[in-house]
Every structure is written in structure tokens, then in C-alpha cells.
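Novice: Sequence first, then the predicted structure:
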Amino acid sequence: MKITITGRKVNLRDHFKELAVKKLSRFDRIFDEDAEAKVVVTVLKNRQTVEITVHSKGMIYRAEATAEEMNDALDDVIGALSSQIRRNKTRLEKRIHFSGLDEDFQVPDDLEESEQYKIVRTKRFCVKPMSVEEAILQMNLLEHQFFMFRNQEDNQINVVYKRRDGNYGLLTPDAE
């Protein structure tokens, strides 16, 4: 796994970098060499945030933790990432395992329940072309956290969203 460690508003010590690499190395048996892990450490006042994003075979695993000490935040984020990977790996393995069986084989009830996500509402609406600024304005008027629209520049479906820090993000489709 390729690991990139970045510090925002902080100079990271070699000891912390070595510790992060050591803790991430426990995921080497799960991911192949092409997997990429990005560790971003941000310090704001007396709070230290560690964010880890792992890209592997089209899947993205991301976890973030904030603590007073950088090492505590690293431990928390590794634990959260570990449980996230374990949960998704188990689901994928079960799905692959049962998809290769006979058509008349019944999936156990307990597996079926844990595999399904409950959609409680489906909403349809017209997606009209607009600029990113118009979409943000529309999202704020509706008091939503995100808003889907057709970008008038490239005619692609995009999503704007409000970030926790009060800024905005834009999701665009990738050509890959």
C-alpha cells in the first residue's frame, strides 16, 4: 500500500509518521500494493484531527477523528477505519459467496436483513441546467445540506454540498 502523510498547519515528527505507517501496515493483508492511503493531520487551536482515506479497486474507505493528542486521534481513526473495512469486507464476501450458488438456494434470513438498506422515500424532480453559484443559492434557500443539478458548463449531473467547516463542496463525475 502506498502511504502519503500530510500535515496542515503542523510539522509532523518522524516518530508520528513511523507510527502511522506501522498502524496502516496491518491493512496490508486486506489491500494490494496498488491501494493508496492518504493521511492528513490538521491542527486547529488545541484540537488535532487525523483523516485517513484509502482508495483500493474503486472502493473508498474514509475515517476521521479529532482529539487533544495526535496519537489518540490516530488510534481512534485506525479503529474506525478497521471496523468500516471489516463491515464492508464481510458484506462483499457474503454477497460473492451466495451469488455463486444455485438459483433455488435460499439466502438465510439474518444475512438478508443485514445486507439490505431501507429506502424510506424516493423523490423525483426536474434537474435543470444552472451554474454552481445558482445551485448553492438554491440549496441554501431550501435549507438542504446538498443539492443535485445539471451543470450548465458541461451538461453533467453535479452535486453541491455544505461542509462541516461552513464551506461548500462540489461532486462531479469522473471520466474513468
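Specialist: That came through fine. Numbering: from 1, shown residues only.

Novice: Tell me the first helix or strand C-terminal of the one helix or strand in the chain whose mean pLDDT sits lowest.
Specialist: Within the chain, judged by mean pLDDT, DSSP states H and E, the helix or strand with the poorest mean is helix 109-115; its value is a mean of 48. The first helix or strand that comes after helix 109-115 along the chain, using DSSP states H and E, is strand 129-130.

Novice: who touches the residue nearest the centre of the chain in this structure?
Specialist: Central residue check for the chain by CA atoms, centre = their mean: the C-alpha nearest the mean position is that of Arg62, 3.9 Å away. Arg62 makes contacts with 51-54, 81, as judged by CB atoms under 8 Å, 6 or more residues apart in numbering. From N, CA and C alone the C-beta is placed, and that goes for glycine too.

Novice: Strands - which of the residues you listed land there?
Specialist: 51-54 (DSSP state E).

Novice: Neighbour-wise, give me the winner out of these.
Specialist: Neighbour counts for the ones in strands among the contacts of Arg62, by other CB atoms under 10 Å, peak at Ile52, which reaches 25 neighbours.

Novice: okay, it: pLDDT?
Specialist: Looking at Ile52, its pLDDT is 93.

Novice: got it, and Gln116?
Specialist: Taking Gln116 on its own, its pLDDT is 67.

Novice: Can you give the domain ranges for the chain?
Specialist: 2-102+106-115, 129-171 (automatic domain parsing).

Novice: By mean pLDDT, show me the worst of those.
Specialist: Minimum mean pLDDT among the domains of the chain: domain 2-102+106-115, a mean of 82.
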